[in-house]
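**Student:** let's see this in three dimensions:
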Amino acid sequence: MLKVVLTIAGSDSSGGAGIQADLKTFSALGVFGASAVTALTAQNTMGVHSVADLPAQFVEAQITAVMEDLPVAAAKTGMLSRTEIIEVVADSMRRRRIPSLVVDPVMVAASGDLLLSTEAVAAMREHMFPLATLVTPNLRETEILLGREQINTPEAMRKAARELVHIGARAALVTGGALDGDAIDILFDGHEIHESKAPRHGPRAHGAGCTLSAAIAARLALGDSLHDAIGAAKKFVTRAIEQSPALGRGSRPLNHLVAPDKS
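**Tutor:** Modelled structure (predicted):
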């Protein structure tokens, strides 16, 4: 049976990140994508121009409509911009007992624009982290979640991944796409630290974090272990960046039409 994966995230009008990137990733990896939109953004590759949050009750209604009808095997969250939305999403996930939940704590766009209100950060830690199979913050998001700066070396990333699990996450993948040199990600699975590297390609990518978390959720739905899902997702994102189209004047969007890894 075709696996169903639900994304709960914001809409990117330029198509490179958010719901649009998630659904493209799901299709590329062979799962059926469903969605619950949390916010509408007017943005492009250069930045976010405007954000319109949807009512929390409507976000909940979308999740309920999907899950009452479709057998959701995994879910991922992206932009949950307000405390009220975080709370209703967490309540829905808790009541529905999603088999695998990937939480991408989207707070900062590739352009540097803030996408999560300050007061919602504590709610993210308190309500979403305990439900997550995996959390996938980038360096800046990790700094915001832990309330400190200078998480910009592999050693600092290792320490941060452990701290994220200590404050409630089951496993934490700190992504280091903003570091110089190879793109390094560090996973703490609650027991051991695991590191993965990939060569850096081209300019800054738009939607890489969304695509990575969506790909992990898709592979978990297909039955991969957490480690295998992360490995396959990183390969997919690396190829999507390598073959990114020269679109826009800012951060370059990924090419979600690349062939997925068959291993």
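
**Student:** low pLDDT regions in the stretch 51-200 of the chain?
**Tutor:** Where the stretch 51-200 of the chain drops to pLDDT under 70, the residues are 109-115, 178.

**Student:** which parts of it are helices?
**Tutor:** Assigned helices in the stretch 51-200 of the chain, in chain order: 56-67, 83-96, 118-123, 139-146, 154-166 (criterion: DSSP state H, counting those that start in this stretch).

**Student:** could I get those helices in CSV, plus columns for mean neighbour count?
**Tutor:** Every C-beta, even on glycine, is put in place using the N, C-alpha and C of the backbone. Output for the helices of the stretch 51-200 of the chain, formatted as CSV (neighbours: other Cβ atoms under 10 Å):
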stretch, mean neighbour count
helix 56-67, 17
helix 83-96, 20
helix 118-123, 15
helix 139-146, 21
helix 154-166, 18
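
**Student:** in TSV, list the ones you listed along with distance to residue 14.
**Tutor:** As requested, these are exported to TSV (distance: least, Cβ to Cβ, whole Å):
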stretch	distance to residue 14
helix 56-67	22
helix 83-96	22
helix 118-123	24
helix 139-146	20
helix 154-166	29
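
**Student:** of those helices, which approaches residue 39 most closely?
**Tutor:** helix 83-96 (8.0 Å; Cβ to Cβ).

**Student:** I'd assumed residue 35 was in a helix, is it?
**Tutor:** No. Under DSSP: H, G, I helix; E, B strand; the rest coil, residue 35 falls outside any helix and is assigned strand.

**Student:** now it: how far from residue 187?
**Tutor:** Using Cβ to Cβ, to the nearest Å, we find residue 35 at a distance of 27 Å from residue 187.

**Student:** which one of these two has more residues nearby?
**Tutor:** The neighbour comparison of residue 35 against residue 187 (other Cβ atoms under 10 Å) goes to residue 187, with 24 against 20.

**Student:** go ahead and confirm that one touches residue 193.
**Tutor:** Yes. Counting by Cβ atoms under 8 Å, residue 187 does reach residue 193; the two are 7.1 Å apart.

**Student:** for residue 149, phi and psi?
**Tutor:** phi -110, psi -170 (degrees, to the nearest 10).

**Student:** give the burial count for it, as a bare number.
**Tutor:** 11.

**Student:** that one contacts residue 143, doesn't it?
**Tutor:** Yes. If you go by Cβ under 8 Å, residue 149 and residue 143 touch, sitting 5.3 Å apart.

**Student:** what sits closest to residue 98 if chain neighbours are left out?
**Tutor:** residue 75 (4.9 Å; Cβ to Cβ, 6 or more residues apart in numbering).

**Student:** with residue 245 instead?
**Tutor:** Closest to residue 245 by Cβ to Cβ, 6+ apart is residue 255, at 5.8 Å.

**Student:** same thing with residue 10?
**Tutor:** Closest to residue 10 by Cβ to Cβ, 6+ apart is residue 79, at 3.5 Å.

**Student:** ok, now which ones touch the one you found?
**Tutor:** Each residue near residue 79 by Cβ atoms under 8 Å, 6 or more residues apart in numbering is listed here: 9, 10, 18, 38, 39, 41, 106, 115, 116.

**Student:** neighbours of the nearest residue to the last one once chain neighbours are set aside, just the number please.
**Tutor:** If I follow you right, that is residue 116. Spatial nearest neighbour of residue 116, excluding adjacent residues (Cβ to Cβ, 6+ apart): residue 107 at 4.1 Å. Residue 107 has 25 neighbours, counted by other Cβ under 10 Å.

**Student:** tell me how far residue 107 lies from residue 8.
**Tutor:** Counting by Cβ to Cβ, the gap from residue 107 to residue 8 is 15 Å.

**Student:** list phi and psi for the most centrally placed residue in the chain.
**Tutor:** Centroid-nearest residue in the chain: residue 104, 3.3 Å away (criterion: Cα atoms, centre = their mean). Main-chain dihedrals, residue 104, degrees, to the nearest 10: phi -100, psi 100.

**Student:** looks like it contacts residue 77 (just checking).
**Tutor:** Yes. Contact criterion Cβ under 8 Å: residue 104 and residue 77 qualify, at 6.4 Å.
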